[in-house]
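Novice: Can you look at this prediction? I've put the sequence above it.
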Amino acid sequence: MTEKEKCAAGLLYNANYDEELIQERIACKDLCLEYNSLKNFDTERRNTLIKKIIGNTGENLCIEPNFWCDYGYNIEVGENFYANHNLVILDCAKVKFGENAFIGPNCSFYTAGHPLDAKQRNEGLEYAHPITIGDNVWLGGNVVVLPGVTIGNNTVIGAGSVVTKDIPENVVAVGNPCRVVKSITETD
């Protein structure tokens, strides 16, 4: 089994010393660098390049520079996706955003995690678990979403939150660790 196959299976894999994964990250980061250096008025080139970076997108999306990801091909964004400045997606595993996702500035999505055992970490081993963000989700600025998390439809995550566990749909959740503070009702 290759390191890439181990990664896709959620197993420990070697990200630091596997030549295939290293080359894929270099290629992706070169594209991100190019994207981040484009002028704002060059919308046609920006749209073409972001669709080359990201594996699967809707037609209507906007990601403000700076944007960084590891591979790109593990990212899926639905229709009407907006991400403000400084989006980071470490997409060793799938990261899927539903329709009408609104991402504040300085948000990060980390699918990669590292063993607690120092020897394994020092060998370059890590694991990756997918992240799923539902439809109509709004994440405030400086939100961090950790490996394996699912955020349900119509949910709002408050600024500065660190999302360590699944968050259900139709709620407002905040904090570190992020927790539900209220349900969203029709009166909201």
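Specialist: Happy to help now that I have it.
Novice: contacts and neighbour counts: CA atoms only from here.
Specialist: Fine.
Novice: ok, now which ones touch Val77?
Specialist: Applying CA atoms under 8 Å, 6 or more residues apart in numbering, we find Val77 in contact with 56-58, 96-99.
Novice: Which one (most neighbours) among the residues you listed?
Specialist: With neighbours taken as other CA atoms under 10 Å, the top of these is Phe97, carrying 23 neighbours.
Novice: most remote residue from this structure's center?
Specialist: When distances are taken from the C-alpha mean of the chain, Thr187 lies farthest, 31.0 Å away, according to CA atoms, centre = their mean.
Novice: That one and Ala8: what is the separation?
Specialist: Thr187 is 42 Å from Ala8, where distance means CA to CA, to the nearest Å.
Novice: And for Thr155?
Specialist: The separation that Thr155 has from Ala8, given CA to CA, amounts to 28 Å.
Novice: again, but for Asn154
Specialist: Distance, Asn154 to Ala8, using CA to CA: 28 Å.
Novice: Which strands or helices does the lengthiest helix in the chain pack on?
Specialist: In the chain, assigned by DSSP state H, the helix with the most residues is helix 19-37. Helix 19-37 makes packing contacts with helix 3-8, helix 43-53, strand 67-69 when contacts are defined by 3 or more CA pairs under 8 Å, 6 or more residues apart in numbering; DSSP states H and E.
Novice: buried residues in the helix or strand in which Val88 is found?
Specialist: When secondary structure is defined using DSSP states H and E, the element that contains Val88 is strand 87-90. For strand 87-90, a neighbour-count test (16 or more other CA atoms under 10 Å) marks 87-90 as buried.
Novice: okay, these in TSV with distance to Asn136 and pLDDT next?
Specialist: Supplementary listing: these in TSV, determined by distance: CA to CA, whole Å; pLDDT from 0 to 100:
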residue	distance to Asn136	pLDDT
Leu87	18	98
Val88	20	98
Ile89	19	98
Leu90	22	97
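Novice: Out of these, which comes closest to Ala159?
Specialist: Minimum distance to Ala159 across the buried residues of strand 87-90 is 14.0 Å, recorded for Leu87 (CA to CA).
Novice: Relative to Arg121, how far out is that closest one?
Specialist: When distances are taken as CA to CA, Leu87 and Arg121 turn out to be 26 Å apart.
Novice: How about the contacts made by the residue lying closest to Tyr17 once chain neighbours are set aside?
Specialist: The spatially closest residue to Tyr17, leaving aside those adjacent along the chain, is Gly124, at 6.9 Å (CA to CA, 6 or more residues apart in numbering). For Gly124, the contacting residues are 14-17, taking CA under 8 Å, 6+ apart as the criterion.
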